[in-house]
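Visitor: can't give you the sequence, but here's the structure:
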């Protein structure tokens, strides 16, 4: 049977799902006999029942001298049936394992229980949120020197008798622990006499003449425990310095209850709760993020740290939100030109309908482009093309999109501008002083990413063997299902407030019912009729008539604006270009709206993924809230303590492994931007620690952090911004994929690529051939 390409799906079939008769070339020698044919046919009868009518007409059983072309066609159909029916059987078994059959009454009880539980939690959170006023850190600006010290009275701490006090020092602070120092002491007084110094908080100052510039200030903080022994106890802050010059700093303090010790535990519970809501699809991911962000704010309020509305608004990453809105608007206008349909057709023509050739091209293209262009922008542009291409090829877009976004995240790791964590790392002053610039960063990372992409592609081929990429329905039925879903979404978006709106909604629902009726008829007709089979050349001719550029003038305008925007994306980091990614996207979107002269702006705004934008806004608040609760700092401190606790000769190896894997796992479940921001000072301090300096060079830890933070985004659906953007656009087009569907592919991909990166780093830095220190 070596001469038969069993297990291949062959060319696309349109409009029938019937296998291609020409998938085994005429010149191929057919290395089968009648017994083998009989065995395969018997297998189908045993496992799936009688084959369909396509095989009934072939008198091949027991006839070795049958026409080779006849037997070639029979074998082609049986082989493809074997693959597709096997995949269907696997899905059926999966559903039996994971899908629980519930009655309508049980479903109703579960739904009511879910709503009641979430609503109760919202009431409790609202109570905690409203019971205390917005907290404000009391700040005092002082000038200190070796000859001048300052006392700060913490009257509100003494009145409420808080068990904790968080102290902030804001000024021109040095990150390395060298002279001169500034020390804030928590002092217990009784009857205006100093009883004891309870604790110290020491930071390093920039050595030099009088420093009063607070515009470039650095902030450090520490939480003191306040040990109340008697009613006469009072506590003050004593500020002293060893500098010879007067230095201006701001000292802030905020009283906190004793329950704030459990802040990290509360943060972890909130994070797990959000993932339970998203993972089990109890609510939409946008609602889950909103509930989680409010839970974080309520927890901060319970610890006397309730932020004001103005502070919460500063937690939003406006650059990311602006980039998303601008590019979504551009893509919405671009889609009116038919360009995405044309691109899909050209891709189909180049690959001659071969499925894996196209998937490989899409994955490699998204990875390479994301290395030089922001991966969110790459996915925004590629997702509509991919969806249209899958529709042309009769593929299920979900897993093709998942593969595409995974490789986009991998490719974005290769350069200093491909992913936000890399930008944060390279822009750090201490890392720049260590000699890590754009070129060195890119060279070192790109070599490792080449190996990661090769391993990731092999894993993808392996995993997708058990996942059917073909649509179970023929294109005509698939189109009807998709069209029905789109019309249903349009009807659901209409909020009825007037009779006219009610009439419009009823008309849309009537259209849905009509499409559903047509769908049932098509399914019935397909069961009782044999449709014509088209090879890929005939299919291409049909598609060329269907998919064309519909508006060349608008295409020219859109192409011009998009080209300028992409050029600016590439050069925005130059010294004389004072535009960030968000502003470039907004200006480009406004320019295209003016050029296109679109009067129906509502139709364009309807195509913007507002749910995705709100999700990101809620996610930014959630992650900043978890940061304020100390979760991310806790992770960094644990990593640092573990590294310090191992023998000197093993510290570098342990540091690479710990930083890489902790970053990867953490970035799968929390936003990698705040995590990277918190981890950079940790690895810098480790590299500058006098006890570790000889055994822990900075560069290997930088590479480990970059690999882990970027590759970890593939672990879950909300691990990276590009994942959420892709899921939102796919859902808008009627192809929704779940948290589990992404997780079953993304998490193994994250594990394998991170393991490859670990091997690469260990070979480079923990072996006799170590390099690039």
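Guide: Thanks, I have the structure now. On a predicted model such as this, the values are computed, not experimentally measured, just so you know. Residues are numbered from 1 along each chain as shown.

Visitor: Next up, the contacts around residue 254.
Guide: 135, 137, 138, 165, 166, 168, 304, 305 (C-beta atoms under 8 Å, 6 or more residues apart in numbering). Every C-beta, even on glycine, is put in place using the N, C-alpha and C of the backbone.

Visitor: pretty sure the third one is touching residue 253, no?
Guide: Yes - counting by C-beta atoms under 8 Å, residue 138 does reach residue 253; the two are 5.8 Å apart.

Visitor: Compare those two (neighbour count), which wins?
Guide: Comparing residue 138 with residue 253 by neighbour count (other C-beta atoms under 10 Å), the higher total belongs to residue 253, at 23 against 16.

Visitor: just curious, which of the contacts of residue 254 is nearest to residue 298?
Guide: Nearest to residue 298 among the contacts of residue 254: residue 305, at 10.9 Å, using C-beta to C-beta.

Visitor: The closest one looks like it's in a strand, true?
Guide: No - using DSSP: H, G, I helix; E, B strand; the rest coil, the secondary structure at residue 305 is coil, not a strand.

Visitor: need the contact list for it.
Guide: Each residue near residue 305 by C-beta under 8 Å, 6+ apart is listed here: 135, 254, 256, 260, 628.

Visitor: and the second one, helix, strand or coil?
Guide: What three-state DSSP gives for residue 254 is strand.

Visitor: Bridged to it, which residues?
Guide: residue 166 (DSSP bridges).

Visitor: Mind telling me the two of the contacts of residue 254 farthest from one another?
Guide: Of all pairs drawn from these, the one with the longest distance (C-beta to C-beta) is 168 and 304, at 14.8 Å.

Visitor: What lies in contact with stretch 751-762?
Guide: Stretch 751-762 is contacted by residues 410, 447-448, 451-452, 455-456, 459, 653, 656-657, 660-661, 664, 700, 703-704, 707-708, 711-712, 714 when judged by C-beta under 8 Å, 6+ apart.

Visitor: Can you tell me which of those residues are buried?
Guide: 410, 448, 452, 455-456, 459, 653, 656-657, 660-661, 664, 700, 703-704, 707-708, 711-712, 714 (16 or more other C-beta atoms under 10 Å).

Visitor: Among those residues, which ones are in helices?
Guide: 410, 448, 452, 455-456, 459, 653, 656-657, 660-661, 664, 700, 703-704, 707-708, 711 (DSSP state H).

Visitor: Just the buried ones out of the contacts of residue 254, please.
Guide: Neighbour-count burial (16+ other C-beta under 10 Å) is assigned, among these, to 135, 138, 165, 166, 168, 304, 305.

Visitor: Residue 253 and residue 429: what is the separation?
Guide: According to C-beta to C-beta, to the nearest Å, residue 253 and residue 429 sit 28 Å apart.

Visitor: scratch that, residue 230
Guide: 47 Å.

Visitor: just residue 656 next, same as before
Guide: The gap separating residue 656 from residue 429 is 23 Å, by C-beta to C-beta.

Visitor: Longest strand in the protein, please.
Guide: Looking across the chain with DSSP state E, the single longest strand is strand 193-205.

Visitor: Following element in sequence after that one, please.
Guide: Next along the chain after strand 193-205, taking DSSP states H and E as the criterion, comes strand 218-225.

Visitor: just how off-centre is that following strand within its chain?
Guide: Centre-to-centre, strand 218-225 and its host chain are 32 Å apart (C-alpha atoms, centre = their mean, to the nearest Å).

Visitor: What's the mean pLDDT across the helix or strand containing residue 753?
Guide: Using DSSP H and E, residue 753 sits within helix 739-765. The predicted model gives helix 739-765 an average pLDDT of 94.

Visitor: which of the residues in that helix are buried?
Guide: 739, 741-743, 745-746, 748-758, 760-762, 764-765.

Visitor: Kindly report the same for stretch 305-318.
Guide: 305, 306, 307, 312, 315, 316, 317.

Visitor: Could you do stretch 192-205 as well?
Guide: By 16+ other C-beta under 10 Å, the buried positions in stretch 192-205 come out as 195, 199, 201, 203, 204, 205.

Visitor: got CSV for those residues, with distance to residue 470 too?
Guide: Formatted as CSV, those follow (distance: C-beta to C-beta, whole Å):
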residue, distance to residue 470
195, 78
199, 66
201, 63
203, 62
204, 63
205, 66
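
Visitor: can you pull the pLDDT of residue 82?
Guide: On pLDDT, residue 82 comes in at 47.

Visitor: typed the wrong thing, it's residue 459
Guide: In this model, residue 459 is scored at 95, pLDDT.

Visitor: distance of it from residue 403?
Guide: Separation of residue 459 from residue 403 (C-beta to C-beta) stands at 10 Å.

Visitor: again with residue 563
Guide: For residue 563, the distance to residue 403 - C-beta to C-beta - is 27 Å.

Visitor: higher neighbour count, those two?
Guide: Between residue 563 and residue 403, counting by other C-beta under 10 Å, residue 403 is the more crowded of the two (25 against 11).

Visitor: Can you classify residue 143 by secondary structure?
Guide: At residue 143, secondary structure determined by three-state DSSP is strand.

Visitor: just checking, it touches residue 248?
Guide: Yes - using C-beta under 8 Å, residue 143 is in contact with residue 248, at 5.1 Å.

Visitor: and residue 329, how many neighbours?
Guide: Residue 329, neighbours per other C-beta under 10 Å, totals 22.

Visitor: Correction: the previous question concerned residue 105.
Guide: Residue 105 is flanked by 8 other residues according to other C-beta under 10 Å.

Visitor: Which helix or which strand is home to it?
Guide: Using DSSP H and E, residue 105 maps to helix 104-130.

Visitor: That helix - contacts with which helices or strands?
Guide: On a contact count with 3 or more C-beta pairs under 8 Å, 6 or more residues apart in numbering; DSSP states H and E, helix 104-130 meets helix 285-302.

Visitor: pLDDT (mean, whole number) over the helix it packs on?
Guide: The average pLDDT for helix 285-302 rounds to 94.

Visitor: do stretch 718-736 as well
Guide: Stretch 718-736 carries an average pLDDT of 87.

Visitor: What lies in contact with stretch 510-522?
Guide: The contact list for stretch 510-522 (C-beta under 8 Å, 6+ apart) reads 476, 477, 480, 481, 483, 484, 487, 488, 491.

Visitor: Ignore what I typed, I meant stretch 614-631.
Guide: By C-beta under 8 Å, 6+ apart, the surrounding residues in contact with stretch 614-631 are 263-264, 266-268, 270-271, 274, 285-286, 289-290, 292-293, 296-297, 299-300, 303, 305, 307, 312, 315-317, 320-321, 324, 632-633, 670-671, 673-674, 678, 718, 721, 724, 728.

Visitor: Can you list the buried residues in that stretch?
Guide: 615-631.

Visitor: now stretch 255-275
Guide: 255, 256, 260, 263, 264, 266, 267, 270, 271, 274, 275.
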